[in-house]
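In: Give me coordinates for this.
(one chain, ligands or ions: 2)
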Amino acid sequence: MEFSERDNVKYLLELRDREELRKIFDRAYQVRIQYLGPKVYLRGLIELSNICIKNCYYCGIRRSNTLPSRYLMREDEIIESALWAFQNKYGSIVLQSGERRDSLFIESIGTIIEKIKEQTDGKLGITLSLGEQKYKVYEKWFAAGAHRYLLRIETSNKSLYEKLHPANHSFEKRKNCLTTLKKIGYQVGTGVMIGLPMQTVDDLVDDLFFFKEMDVDMIGMGPFLTSNNTPLNQQFPVHFADKEELLKLSLKMIAAARLLLKDVNIASTTALQVLKYDGREQALKCGANIIMPNITLRKYRPYYRLYDNKPCIEENSELCKMCLANRIISIGEKIGYDERGDSLHFQKTKYRNTIKIFYNS
Ligand code: SAM
Ligand code: SF4
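Out: Ligands and ions are numbered 1, 2, ... in the order given. Below is the predicted model of the structure:
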């Protein structure tokens, strides 16, 4: 099946025949191996703060949610966690948090990136997932040494986006951030939540073509999971109760993304594990090639609760490392220890642009 057409993508997302589905998942897996090789790359995830100025209706750490105690990891704790990842041969880390735009936060992130760069000889890959920022801020953090940025569009349907966010959250602004990040030179990742209330299959098809149109280098998408005490949960209390179905839909989206985009990095996200204990491993067999083990200090983990039943909050980084390594190896995958596993799509685009400049000059 040629995967460049909308009808084919929709066909896959609606497919129920188990045997045919397995064949398509296997095909997506082969495409991953053909383009990116047999290794799975690690990104140690540091959830550095749950303080957020935004109020997304679905998120457990939204500003107006009074339940979680708010925390900000100290600079030395963040750097120590990054060094732990480096010493344990994780090729990259992700610094993620609620959104903040004050100068104290911006300066502190810049310093942390510089120190991590310095203390790992520039070898540790640094991905940021710190929300919408001004051009100058993205530029500052890039200059400090971060080289990848994850910013999910959440849904490519503007009117659905507006139903999931307060009026002062802007779809256009978020989309423009993706363009800005690309312009600056980041490897850019985006993604959506799958199975959102009011979302249709056509929306999901559009999401996949949005990734293509935006020419992104990485994709991090996962199931929408209910979060107590959020406006969305109050509005849709029994939404998507069938976990098996939601997992299947998420796996179909991953397989479709791999078949459509081929050489991008695709994360197997933690939220998949909430649906089934081996949800992340299943995603690796459907085309994902990135895993993000949680390396947040244990004492902070219970407070970074985006959704209910978040896994691994009782474990520490050492336990997560062993558990994950066993899981990955048990399904016959190899781990790219000490490798950054940069997006092949990004490298190809950069090469093409260099050639263009060379011939035009
Ligand atoms: N604040 C930054 C941002 O929004 O880009 C980065 C951190 S935010 C917690 C990371 C992602 O968590 C969001 O992009 C969103 O897709 C996801 N998320 C939040 N609430 C969720 C929920 N209830 N179910 C699944 N994913 C959720
Ligand atoms: Fe804040 Fe991100 Fe949660 Fe939205 S999704 S409330 S920006 S942490």
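In: residues from the stretch 51-200 of the chain in reach of ligand 1?
Out: Residues of the stretch 51-200 of the chain lying close to ligand 1 by Cβ under 6 Å from any ligand atom are Tyr58, Cys59, Gln96, Gly98, Glu99, Ser129, Gly131, Leu151, Arg152, Glu154, Met193. From N, CA and C alone the C-beta is placed, and that goes for glycine too.
In: what do you get for the stretch 251-361 of the chain?
Out: Within the stretch 251-361 of the chain, the positions near ligand 1 by Cβ under 6 Å from any ligand atom are Ala271, Leu306, Tyr307.
In: Of the residues you listed - the most surrounded one?
Out: Ala271 (23 neighbours; other Cβ atoms under 10 Å).
In: Hmm, that one is touching Leu225, no?
Out: Yes. Between Ala271 and Leu225 there is a contact under Cβ atoms under 8 Å: 5.6 Å.
In: Show me the strands in the protein, by range?
Out: 39-49, 92-97, 125-129, 148-150, 187-190, 193-194, 218-219, 222-223, 265-268, 290-291, 334-335 (DSSP state E).
In: Got a ChimeraX select line for the buried ones in the residues of the stretch 51-200 of the chain next to ligand 1?
Out: This is the ChimeraX syntax for the buried subset of these, where burial follows 16 or more other Cβ atoms under 10 Å:
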select :58,59,96,98,99,129,131,151,152,154,193
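In: between the residues of the stretch 51-200 of the chain next to ligand 1, which is closest to Arg352?
Out: Nearest to Arg352 among those, counting by Cβ to Cβ, is Leu151 at 23.5 Å.
In: That closest one: what's it in contact with?
Out: Contacts for Leu151 (Cβ atoms under 8 Å, 6 or more residues apart in numbering) come out as Ser129, Gly131, Glu132, Arg174, Cys177, Leu178, Leu181, Val188, Gly189, Thr190.
In: same check, this time on Met253
Out: Leu13, Ile194, Leu204, Asp207, Leu208, Met221.
In: Just the residues you listed: which are in helices?
Out: Secondary structure defined by DSSP state H assigns Leu13, Leu204, Asp207, Leu208 of the contacts of Met253 to helices.
In: so which of those comes closest to ligand 1?
Out: Lowest distance from ligand 1 to these (Cβ to the nearest ligand atom) belongs to Asp207, with 12.1 Å.
In: so that closest one makes contact with Thr155?
Out: Yes. Assessed by Cβ under 8 Å, Asp207 is found in contact with Thr155 at 6.7 Å.
In: Overlap in contacts, these two.
Out: Contacts common to Asp207 and Thr155, judged by Cβ under 8 Å, 6+ apart, are Val192.
In: so who does the spatially closest residue to Ala288 that is not a sequence neighbour touch?
Out: In space, and not counting its chain neighbours, Ala288 is closest to Ser268: 3.9 Å by Cβ to Cβ, 6 or more residues apart in numbering. The neighbours of Ser268, taking Cβ under 8 Å, 6+ apart as the test, are Ile254, Arg280, Glu281, Ala283, Leu284, Ala288, Ile290, Ile291.
In: again, but for Thr349
Out: Asp215, Asp217.
In: let's see it at 10 Å
Out: Shown in contact with Thr349 (Cβ atoms under 10 Å, 6 or more residues apart in numbering): Lys182, Gln187, Asp215, Asp217, Asp263, Ser343.
In: Having no further points to raise, I will conclude here.
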